[in-house]
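**Student:** Give me a model of this one.
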Amino acid sequence: ILENKQSNEVAEGLLVYHANRERIFKSLVNLYNQFESLVSRILLKKLINLFNLNVNQKKSIRVIKKEIALIDKYERFFDAMLGILIDSKLIIYDSGIIYYPSDKVGDLESLDSEVKNFINNNPDFSSYFELLDQTLGSLNKVLNGTIKSTDVLFLKGSIKLVEKIYANNKLSDYFNHLLSKFIVDYYKSHLSSKGEYSILEIGAGTGGSTGFVLKALRENNIKAKYYFTDVSESFLNVAKSKFSKDYPFVRFCLFDIEKHFNEQGFQKKSFDVIFATNVLHATENIDFSLKQISHLLKPNGYFLLNEATKFSNFATLTFGLLDGWWKNKDSQRISNSPLYSVEKWVQKIIDAGFENVNFAHINSKTDSIQTLFASQANIPPLIDNEQSKSRDSLNHQINNEAILNGLKSIFSKVLFMSEEEIDQNESFNYYGID
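**Tutor:** Got it, this is the predicted structure:
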(Lines give C-alpha, C1' and ligand atoms only; values in the text may rest on other atoms or scores of the structure.)
Protein backbone atom coordinates (compact mmCIF):
# COMPACT_ATOMS: atom_id res chain seq x y z
CA ILE A 1 0.00 0.00 0.00
CA LEU A 2 2.87 2.33 0.79
CA GLU A 3 6.14 1.51 -0.89
CA ASN A 4 9.50 3.17 -0.58
CA LYS A 5 12.92 2.96 -2.17
CA GLN A 6 14.64 3.93 1.06
CA SER A 7 13.19 3.78 4.57
CA ASN A 8 12.67 6.80 6.81
CA GLU A 9 10.68 7.29 10.01
CA VAL A 10 8.08 9.71 8.63
CA ALA A 11 7.23 7.36 5.76
CA GLU A 12 7.14 4.34 8.07
CA GLY A 13 4.65 6.10 10.34
CA LEU A 14 2.48 6.90 7.35
CA LEU A 15 2.66 3.26 6.20
CA VAL A 16 1.17 2.04 9.47
CA TYR A 17 -1.48 4.76 9.47
CA HIS A 18 -2.46 4.03 5.86
CA ALA A 19 -2.50 0.23 6.24
CA ASN A 20 -4.82 0.43 9.26
CA ARG A 21 -7.45 2.07 7.07
CA GLU A 22 -7.42 -0.50 4.27
CA ARG A 23 -11.08 -1.47 4.65
CA ILE A 24 -12.19 2.16 4.35
CA PHE A 25 -10.52 2.87 1.04
CA LYS A 26 -11.38 -0.52 -0.48
CA SER A 27 -15.06 0.33 -0.04
CA LEU A 28 -14.34 3.72 -1.66
CA VAL A 29 -12.81 1.99 -4.67
CA ASN A 30 -15.90 -0.17 -5.17
CA LEU A 31 -18.14 2.89 -4.90
CA TYR A 32 -16.00 4.84 -7.35
CA ASN A 33 -16.14 1.98 -9.89
CA GLN A 34 -19.95 1.91 -9.67
CA PHE A 35 -20.01 5.65 -10.28
CA GLU A 36 -17.69 5.39 -13.30
CA SER A 37 -19.95 2.73 -14.83
CA LEU A 38 -22.96 5.03 -14.48
CA VAL A 39 -20.98 7.88 -16.08
CA SER A 40 -20.23 5.80 -19.19
CA ARG A 41 -23.92 4.94 -19.62
CA ILE A 42 -24.94 8.60 -19.13
CA LEU A 43 -22.47 9.48 -21.88
CA LEU A 44 -23.95 6.83 -24.19
CA LYS A 45 -27.43 8.27 -23.70
CA LYS A 46 -26.13 11.75 -24.56
CA LEU A 47 -24.18 10.68 -27.66
CA ILE A 48 -27.03 8.61 -29.12
CA ASN A 49 -28.88 11.92 -29.49
CA LEU A 50 -25.89 14.07 -30.39
CA PHE A 51 -24.62 11.64 -33.05
CA ASN A 52 -28.11 10.65 -34.28
CA LEU A 53 -27.38 6.96 -33.69
CA ASN A 54 -30.01 4.28 -34.22
CA VAL A 55 -29.75 0.74 -32.88
CA ASN A 56 -27.38 -1.37 -35.01
CA GLN A 57 -26.94 1.50 -37.48
CA LYS A 58 -23.31 1.78 -38.54
CA LYS A 59 -21.95 5.28 -38.84
CA SER A 60 -18.59 6.72 -39.86
CA ILE A 61 -16.67 8.69 -37.25
CA ARG A 62 -15.57 11.06 -40.01
CA VAL A 63 -19.22 11.76 -40.85
CA ILE A 64 -20.10 12.27 -37.17
CA LYS A 65 -17.30 14.83 -36.76
CA LYS A 66 -18.57 16.72 -39.79
CA GLU A 67 -22.19 16.64 -38.60
CA ILE A 68 -21.38 18.02 -35.15
CA ALA A 69 -18.90 20.54 -36.65
CA LEU A 70 -16.11 19.40 -34.32
CA ILE A 71 -13.31 21.98 -34.10
CA ASP A 72 -9.66 20.91 -34.11
CA LYS A 73 -8.90 21.71 -30.46
CA TYR A 74 -11.33 19.01 -29.30
CA GLU A 75 -10.02 16.17 -31.49
CA ARG A 76 -8.23 14.52 -28.56
CA PHE A 77 -11.22 14.98 -26.29
CA PHE A 78 -13.47 13.39 -28.94
CA ASP A 79 -11.17 10.36 -29.18
CA ALA A 80 -11.14 10.00 -25.38
CA MET A 81 -14.92 10.29 -25.24
CA LEU A 82 -15.39 7.54 -27.81
CA GLY A 83 -12.76 5.47 -26.04
CA ILE A 84 -14.90 5.46 -22.88
CA LEU A 85 -17.80 3.87 -24.77
CA ILE A 86 -15.63 1.43 -26.70
CA ASP A 87 -13.76 0.25 -23.60
CA SER A 88 -17.07 -0.14 -21.75
CA LYS A 89 -18.37 -2.17 -24.74
CA LEU A 90 -21.35 0.15 -25.01
CA ILE A 91 -20.63 0.79 -28.67
CA ILE A 92 -18.81 -1.33 -31.22
CA TYR A 93 -15.90 0.12 -33.20
CA ASP A 94 -14.47 -1.29 -36.43
CA SER A 95 -12.12 0.53 -38.82
CA GLY A 96 -13.50 4.03 -38.35
CA ILE A 97 -17.11 2.87 -38.03
CA ILE A 98 -19.18 2.72 -34.84
CA TYR A 99 -22.61 1.35 -33.99
CA TYR A 100 -24.86 0.97 -30.98
CA PRO A 101 -25.73 -2.75 -30.51
CA SER A 102 -29.28 -3.82 -29.68
CA ASP A 103 -28.20 -5.78 -26.59
CA LYS A 104 -27.23 -2.51 -24.87
CA VAL A 105 -30.68 -0.92 -25.12
CA GLY A 106 -31.64 -2.38 -21.75
CA ASP A 107 -28.65 -0.65 -20.13
CA LEU A 108 -30.36 2.71 -20.64
CA GLU A 109 -33.92 1.83 -19.69
CA SER A 110 -33.15 1.65 -15.97
CA LEU A 111 -30.41 4.30 -15.97
CA ASP A 112 -32.38 7.22 -14.51
CA SER A 113 -33.66 5.19 -11.55
CA GLU A 114 -30.18 3.74 -10.92
CA VAL A 115 -28.63 7.21 -10.82
CA LYS A 116 -31.35 8.41 -8.44
CA ASN A 117 -30.81 5.45 -6.10
CA PHE A 118 -27.04 5.90 -6.21
CA ILE A 119 -27.31 9.58 -5.20
CA ASN A 120 -29.80 8.76 -2.43
CA ASN A 121 -27.40 6.19 -1.00
CA ASN A 122 -24.27 8.30 -1.64
CA PRO A 123 -25.20 12.01 -1.36
CA ASP A 124 -21.52 13.02 -1.58
CA PHE A 125 -21.70 12.20 -5.28
CA SER A 126 -24.59 14.57 -6.05
CA SER A 127 -22.15 17.38 -6.93
CA TYR A 128 -20.42 15.05 -9.41
CA PHE A 129 -23.66 14.38 -11.28
CA GLU A 130 -24.47 18.08 -11.17
CA LEU A 131 -21.20 19.03 -12.87
CA LEU A 132 -21.50 16.16 -15.36
CA ASP A 133 -25.01 17.26 -16.29
CA GLN A 134 -23.71 20.79 -16.81
CA THR A 135 -20.89 19.75 -19.17
CA LEU A 136 -22.79 17.14 -21.17
CA GLY A 137 -25.77 19.46 -21.45
CA SER A 138 -23.60 21.98 -23.32
CA LEU A 139 -21.37 19.43 -25.07
CA ASN A 140 -22.48 20.11 -28.64
CA LYS A 141 -21.95 23.87 -28.28
CA VAL A 142 -18.53 23.40 -26.72
CA LEU A 143 -17.35 20.93 -29.39
CA ASN A 144 -18.35 23.24 -32.26
CA GLY A 145 -16.81 26.29 -30.58
CA THR A 146 -20.06 28.18 -29.98
CA ILE A 147 -19.29 28.54 -26.28
CA LYS A 148 -16.12 28.24 -24.20
CA SER A 149 -15.62 25.26 -21.92
CA THR A 150 -14.61 27.62 -19.08
CA ASP A 151 -18.05 29.27 -19.31
CA VAL A 152 -19.61 25.85 -18.74
CA LEU A 153 -17.46 24.64 -15.84
CA PHE A 154 -17.24 28.07 -14.22
CA LEU A 155 -20.79 29.22 -14.81
CA LYS A 156 -21.03 33.03 -14.69
CA GLY A 157 -17.44 33.13 -13.41
CA SER A 158 -18.27 31.07 -10.31
CA ILE A 159 -16.11 28.20 -9.06
CA LYS A 160 -18.95 26.71 -6.98
CA LEU A 161 -19.67 23.74 -9.24
CA VAL A 162 -16.02 22.73 -9.40
CA GLU A 163 -15.38 23.53 -5.73
CA LYS A 164 -18.10 21.10 -4.68
CA ILE A 165 -16.19 18.24 -6.32
CA TYR A 166 -13.36 18.65 -3.81
CA ALA A 167 -15.56 19.37 -0.80
CA ASN A 168 -16.86 16.44 1.27
CA ASN A 169 -15.41 13.97 -1.23
CA LYS A 170 -14.39 10.91 0.78
CA LEU A 171 -11.59 9.87 -1.56
CA SER A 172 -10.14 13.38 -1.87
CA ASP A 173 -10.62 13.96 1.85
CA TYR A 174 -8.70 10.81 2.71
CA PHE A 175 -5.67 11.74 0.62
CA ASN A 176 -5.75 15.36 1.78
CA HIS A 177 -5.78 14.09 5.34
CA LEU A 178 -2.82 11.81 4.54
CA LEU A 179 -1.00 14.78 2.98
CA SER A 180 -1.58 17.08 5.96
CA LYS A 181 -0.58 14.34 8.42
CA PHE A 182 2.74 13.90 6.61
CA ILE A 183 3.40 17.67 6.70
CA VAL A 184 2.73 17.79 10.46
CA ASP A 185 4.74 14.63 11.22
CA TYR A 186 7.72 15.87 9.21
CA TYR A 187 7.79 19.13 11.16
CA LYS A 188 7.55 17.39 14.53
CA SER A 189 10.29 14.88 13.77
CA HIS A 190 12.77 17.12 11.92
CA LEU A 191 12.05 20.83 12.16
CA SER A 192 10.38 21.67 15.49
CA SER A 193 13.67 22.93 16.97
CA LYS A 194 14.49 25.10 13.96
CA GLY A 195 11.67 27.60 14.16
CA GLU A 196 9.58 28.66 11.18
CA TYR A 197 8.23 26.15 8.70
CA SER A 198 8.13 27.23 5.04
CA ILE A 199 5.53 25.60 2.80
CA LEU A 200 4.71 26.18 -0.87
CA GLU A 201 1.47 24.91 -2.42
CA ILE A 202 1.54 24.83 -6.23
CA GLY A 203 -1.68 25.18 -8.23
CA ALA A 204 -3.81 25.44 -5.11
CA GLY A 205 -6.96 26.14 -7.16
CA THR A 206 -10.16 25.94 -5.11
CA GLY A 207 -8.18 25.24 -1.92
CA GLY A 208 -9.36 21.65 -1.46
CA SER A 209 -6.03 20.51 -0.01
CA THR A 210 -5.25 23.88 1.52
CA GLY A 211 -8.04 23.67 4.07
CA PHE A 212 -6.80 20.34 5.40
CA VAL A 213 -3.19 21.46 5.71
CA LEU A 214 -3.95 24.81 7.34
CA LYS A 215 -6.30 23.20 9.84
CA ALA A 216 -3.66 20.60 10.75
CA LEU A 217 -1.00 23.28 11.22
CA ARG A 218 -3.26 25.29 13.53
CA GLU A 219 -4.38 22.26 15.56
CA ASN A 220 -0.74 21.34 16.17
CA ASN A 221 0.36 24.93 16.97
CA ILE A 222 2.86 24.94 14.11
CA LYS A 223 4.05 28.36 12.98
CA ALA A 224 4.45 28.38 9.24
CA LYS A 225 5.17 30.67 6.33
CA TYR A 226 2.61 29.31 3.88
CA TYR A 227 2.46 30.30 0.20
CA PHE A 228 -0.86 29.65 -1.55
CA THR A 229 -0.09 29.93 -5.27
CA ASP A 230 -1.94 29.53 -8.55
CA VAL A 231 -1.81 30.84 -12.12
CA SER A 232 -5.32 32.28 -11.75
CA GLU A 233 -6.00 35.61 -10.07
CA SER A 234 -9.64 34.61 -9.53
CA PHE A 235 -8.62 31.52 -7.52
CA LEU A 236 -6.35 33.73 -5.38
CA ASN A 237 -9.18 36.17 -4.68
CA VAL A 238 -11.54 33.38 -3.64
CA ALA A 239 -8.84 31.86 -1.43
CA LYS A 240 -8.15 35.20 0.27
CA SER A 241 -11.78 35.57 1.27
CA LYS A 242 -11.88 31.93 2.39
CA PHE A 243 -8.63 31.62 4.38
CA SER A 244 -7.03 34.98 5.21
CA LYS A 245 -9.15 35.74 8.29
CA ASP A 246 -8.49 32.46 10.10
CA TYR A 247 -4.96 31.97 8.80
CA PRO A 248 -3.21 35.37 8.63
CA PHE A 249 0.18 33.70 7.99
CA VAL A 250 -0.86 32.64 4.47
CA ARG A 251 0.60 34.57 1.54
CA PHE A 252 -1.34 34.52 -1.75
CA CYS A 253 0.80 34.72 -4.89
CA LEU A 254 0.53 34.24 -8.62
CA PHE A 255 2.96 31.50 -9.59
CA ASP A 256 3.38 29.40 -12.71
CA ILE A 257 5.59 26.33 -12.25
CA GLU A 258 6.14 26.25 -16.02
CA LYS A 259 8.05 29.54 -15.86
CA HIS A 260 11.42 30.10 -14.17
CA PHE A 261 10.80 30.66 -10.45
CA ASN A 262 13.51 33.32 -10.11
CA GLU A 263 11.57 35.49 -12.56
CA GLN A 264 8.54 35.26 -10.26
CA GLY A 265 10.14 36.43 -7.02
CA PHE A 266 11.18 33.07 -5.57
CA GLN A 267 14.68 31.99 -4.56
CA LYS A 268 16.52 28.67 -4.55
CA LYS A 269 16.37 26.48 -1.44
CA SER A 270 13.50 28.44 0.12
CA PHE A 271 11.03 25.77 1.24
CA ASP A 272 10.92 22.88 3.69
CA VAL A 273 7.91 21.33 1.95
CA ILE A 274 6.40 21.82 -1.51
CA PHE A 275 3.19 20.07 -2.47
CA ALA A 276 0.79 19.93 -5.39
CA THR A 277 -2.60 18.21 -5.70
CA ASN A 278 -3.93 17.12 -9.09
CA VAL A 279 -2.16 19.90 -10.97
CA LEU A 280 1.27 18.83 -12.27
CA HIS A 281 -0.26 16.49 -14.85
CA ALA A 282 -1.64 19.62 -16.53
CA THR A 283 1.84 21.05 -17.19
CA GLU A 284 3.29 20.71 -20.67
CA ASN A 285 6.79 19.72 -19.56
CA ILE A 286 6.73 17.58 -16.40
CA ASP A 287 10.51 17.23 -16.31
CA PHE A 288 11.02 21.00 -16.22
CA SER A 289 8.34 21.44 -13.53
CA LEU A 290 9.93 18.78 -11.31
CA LYS A 291 13.40 20.33 -11.74
CA GLN A 292 12.01 23.70 -10.69
CA ILE A 293 10.58 22.13 -7.54
CA SER A 294 13.87 20.42 -6.71
CA HIS A 295 15.68 23.78 -6.86
CA LEU A 296 13.10 25.51 -4.67
CA LEU A 297 13.41 22.95 -1.86
CA LYS A 298 15.88 23.28 0.98
CA PRO A 299 18.37 20.40 1.36
CA ASN A 300 16.48 17.42 2.78
CA GLY A 301 13.16 19.16 2.09
CA TYR A 302 10.12 17.16 1.00
CA PHE A 303 8.11 17.24 -2.21
CA LEU A 304 4.60 15.80 -1.83
CA LEU A 305 2.68 14.99 -5.00
CA ASN A 306 -1.00 14.10 -4.65
CA GLU A 307 -2.11 12.90 -8.09
CA ALA A 308 -4.81 10.93 -9.89
CA THR A 309 -3.07 7.91 -11.41
CA LYS A 310 -5.88 6.14 -13.27
CA PHE A 311 -8.05 7.11 -16.24
CA SER A 312 -11.35 8.59 -15.09
CA ASN A 313 -14.53 8.77 -17.16
CA PHE A 314 -15.84 11.61 -15.02
CA ALA A 315 -12.67 13.72 -15.08
CA THR A 316 -12.34 13.27 -18.85
CA LEU A 317 -15.92 14.41 -19.53
CA THR A 318 -15.64 17.44 -17.25
CA PHE A 319 -12.10 18.77 -16.78
CA GLY A 320 -11.13 17.17 -20.10
CA LEU A 321 -12.95 20.02 -21.83
CA LEU A 322 -10.35 22.49 -20.52
CA ASP A 323 -7.33 23.34 -22.68
CA GLY A 324 -4.87 22.52 -19.90
CA TRP A 325 -5.98 18.87 -19.83
CA TRP A 326 -4.39 18.32 -23.23
CA LYS A 327 -1.31 20.57 -23.02
CA ASN A 328 1.06 17.61 -22.79
CA LYS A 329 2.88 16.42 -25.88
CA ASP A 330 4.65 13.30 -24.62
CA SER A 331 3.56 9.73 -25.31
CA GLN A 332 4.18 8.35 -21.81
CA ARG A 333 0.80 9.34 -20.38
CA ILE A 334 -2.08 6.98 -19.69
CA SER A 335 -3.96 6.55 -22.97
CA ASN A 336 -6.43 9.38 -23.78
CA SER A 337 -5.48 11.35 -20.68
CA PRO A 338 -2.79 13.67 -19.27
CA LEU A 339 -2.18 11.35 -16.32
CA TYR A 340 0.82 9.17 -15.48
CA SER A 341 0.76 5.72 -13.94
CA VAL A 342 2.25 5.21 -10.47
CA GLU A 343 5.40 3.62 -11.90
CA LYS A 344 5.88 6.38 -14.45
CA TRP A 345 5.55 9.09 -11.78
CA VAL A 346 8.14 7.32 -9.62
CA GLN A 347 10.55 7.24 -12.56
CA LYS A 348 9.93 10.90 -13.40
CA ILE A 349 10.54 11.95 -9.78
CA ILE A 350 13.78 9.96 -9.57
CA ASP A 351 14.97 11.30 -12.94
CA ALA A 352 14.45 14.84 -11.61
CA GLY A 353 17.00 14.11 -8.86
CA PHE A 354 14.75 13.36 -5.88
CA GLU A 355 15.61 10.66 -3.36
CA ASN A 356 13.73 8.45 -0.86
CA VAL A 357 10.69 8.16 -3.11
CA ASN A 358 7.69 6.79 -1.19
CA PHE A 359 4.12 6.39 -2.36
CA ALA A 360 0.79 5.52 -0.76
CA HIS A 361 -1.75 4.13 -3.21
CA ILE A 362 -5.28 2.77 -3.23
CA ASN A 363 -5.89 -0.78 -4.44
CA SER A 364 -2.96 -2.00 -6.54
CA LYS A 365 -0.13 0.05 -8.05
CA THR A 366 -1.48 -0.58 -11.54
CA ASP A 367 -5.07 0.30 -10.62
CA SER A 368 -4.71 3.14 -8.10
CA ILE A 369 -7.25 5.93 -8.50
CA GLN A 370 -5.20 8.36 -6.43
CA THR A 371 -1.62 8.22 -5.16
CA LEU A 372 0.40 10.32 -2.71
CA PHE A 373 4.12 10.48 -3.50
CA ALA A 374 6.69 11.75 -0.99
CA SER A 375 10.30 12.39 -1.98
CA GLN A 376 13.27 14.39 -0.72
CA ALA A 377 15.45 16.97 -2.39
CA ASN A 378 18.78 15.55 -3.50
CA ILE A 379 21.51 16.01 -0.86
CA PRO A 380 25.12 16.44 -2.05
CA PRO A 381 27.21 13.39 -1.05
CA LEU A 382 29.56 13.71 1.91
CA ILE A 383 33.25 14.03 1.01
CA ASP A 384 35.53 11.56 2.78
CA ASN A 385 38.91 12.50 4.31
CA GLU A 386 41.00 11.49 1.31
CA GLN A 387 38.78 13.45 -1.07
CA SER A 388 38.95 16.41 1.29
CA LYS A 389 42.78 16.30 1.47
CA SER A 390 42.99 16.06 -2.31
CA ARG A 391 40.63 19.02 -2.73
CA ASP A 392 42.56 21.14 -0.18
CA SER A 393 45.83 20.34 -1.93
CA LEU A 394 44.38 21.38 -5.29
CA ASN A 395 43.04 24.62 -3.82
CA HIS A 396 46.48 25.31 -2.28
CA GLN A 397 48.15 24.84 -5.67
CA ILE A 398 45.60 27.09 -7.39
CA ASN A 399 46.03 29.83 -4.74
CA ASN A 400 49.88 29.72 -4.95
CA GLU A 401 49.79 30.00 -8.71
CA ALA A 402 47.40 32.95 -8.58
CA ILE A 403 49.61 34.78 -6.05
CA LEU A 404 52.78 34.12 -8.12
CA ASN A 405 51.21 35.44 -11.30
CA GLY A 406 49.97 38.53 -9.47
CA LEU A 407 53.47 39.28 -8.09
CA LYS A 408 55.10 38.82 -11.50
CA SER A 409 52.64 41.29 -12.99
CA ILE A 410 53.47 43.92 -10.31
CA PHE A 411 57.26 43.43 -10.52
CA SER A 412 57.30 43.58 -14.30
CA LYS A 413 55.72 47.05 -14.20
CA VAL A 414 58.04 48.32 -11.44
CA LEU A 415 61.25 46.91 -13.01
CA PHE A 416 60.24 47.59 -16.62
CA MET A 417 60.75 43.90 -17.47
CA SER A 418 58.52 41.37 -19.12
CA GLU A 419 56.93 38.72 -16.86
CA GLU A 420 58.86 36.02 -18.77
CA GLU A 421 62.20 37.61 -17.69
CA ILE A 422 61.36 37.26 -14.01
CA ASP A 423 62.63 34.01 -12.47
CA GLN A 424 60.53 32.95 -9.53
CA ASN A 425 63.50 31.06 -8.01
CA GLU A 426 65.69 34.18 -7.67
CA SER A 427 65.71 36.33 -4.51
CA PHE A 428 64.31 39.87 -4.30
CA ASN A 429 67.91 41.17 -3.85
CA TYR A 430 68.84 39.77 -7.25
CA TYR A 431 66.46 42.28 -8.82
CA GLY A 432 67.60 45.15 -6.58
CA ILE A 433 64.64 44.96 -4.23
CA ASP A 434 65.42 45.01 -0.49
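**Student:** From now on I want contacts and neighbour counts done on CA atoms only, so please keep to that.
**Tutor:** Will do.
**Student:** quick one: buried residues of stretch 218-225?
**Tutor:** Judged by neighbour count using 16 or more other Cα atoms under 10 Å, the buried positions of stretch 218-225 are 222, 224-225.
**Student:** Out of those, which sit inside helices?
**Tutor:** Among the buried residues of stretch 218-225, none falls in helices (DSSP state H).
**Student:** Dump those into TSV; add pLDDT and distance to His190 as well.
**Tutor:** What follows is these, written out as TSV (pLDDT from 0 to 100; distance: Cα to Cα, whole Å):
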residue	pLDDT	distance to His190
Ile222	94	13
Ala224	94	14
Lys225	96	17
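**Student:** Select from those every entry located in strands.
**Tutor:** 224-225 (DSSP state E).
**Student:** Any chance of TSV for the buried residues of stretch 218-225, columns distance to Asn358?
**Tutor:** As requested, these are exported to TSV (distance: Cα to Cα, whole Å):
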residue	distance to Asn358
Ile222	24
Ala224	24
Lys225	25
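**Student:** Nearest to Leu136 among the buried residues of stretch 218-225?
**Tutor:** The closest of the buried residues of stretch 218-225 to Leu136 turns out to be Lys225 (Cα to Cα; 41.5 Å).
**Student:** out of everything not next to it in sequence, what's closest to the most centrally placed residue in the chain?
**Tutor:** The residue lying closest to the centre of the chain (Cα atoms, centre = their mean) is Leu280, at 2.8 Å. Once flanking residues are discounted, Leu280 sits nearest to Ile286: 7.0 Å by Cα to Cα, 6 or more residues apart in numbering.
**Student:** picking up where we left off before, does the residue nearest to the centre of the chain touch Phe288 like I think?
**Tutor:** No - the pair Leu280 / Phe288 is not scored as a contact, 10.7 Å apart, by Cα atoms under 8 Å.
**Student:** mind checking pLDDT for Glu109?
**Tutor:** Per-residue pLDDT puts Glu109 at 88.
**Student:** Got phi/psi on it?
**Tutor:** phi -60, psi -40 (degrees, to the nearest 10).
**Student:** State the distance from it to Asn56.
**Tutor:** 17 Å (Cα to Cα, to the nearest Å).
**Student:** Comparing the two, which residue is more hemmed in?
**Tutor:** Asn56 (14 against 11; other Cα atoms under 10 Å).
**Student:** Which residues are in contact with the more buried one?
**Tutor:** 99-102 (Cα atoms under 8 Å, 6 or more residues apart in numbering).
**Student:** Same list (those) but as a markdown table, adding neighbour count.
**Tutor:** Shown next, in a markdown table, are the contacts of Asn56 (neighbours: other Cα atoms under 10 Å):
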| residue | neighbour count |
| --- | --- |
| Tyr99 | 20 |
| Tyr100 | 22 |
| Pro101 | 16 |
| Ser102 | 12 |
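**Student:** need those in JSON lines with pLDDT, can you?
**Tutor:** Formatted as JSON lines, the contacts of Asn56 follow (pLDDT from 0 to 100):
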{"residue": "Tyr99", "pLDDT": "92"}
{"residue": "Tyr100", "pLDDT": "89"}
{"residue": "Pro101", "pLDDT": "90"}
{"residue": "Ser102", "pLDDT": "87"}
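**Student:** Which ones among those residues lie within strands?
**Tutor:** Those of these lying in strands (DSSP E): Tyr99.
**Student:** Just the strands from this structure, written as ranges.
**Tutor:** 2-4, 59-60, 92-94, 97-99, 197-202, 224-230, 250-254, 271-277, 297-308, 355-361, 370-376.
**Student:** Count the neighbours of the closest residue to Gly320 other than its chain neighbours for me.
**Tutor:** Using Cα to Cα, 6+ apart and skipping residues adjacent in sequence, the residue nearest Gly320 is Phe77, 6.6 Å away. Neighbour count for Phe77, taken as other Cα under 10 Å: 22.
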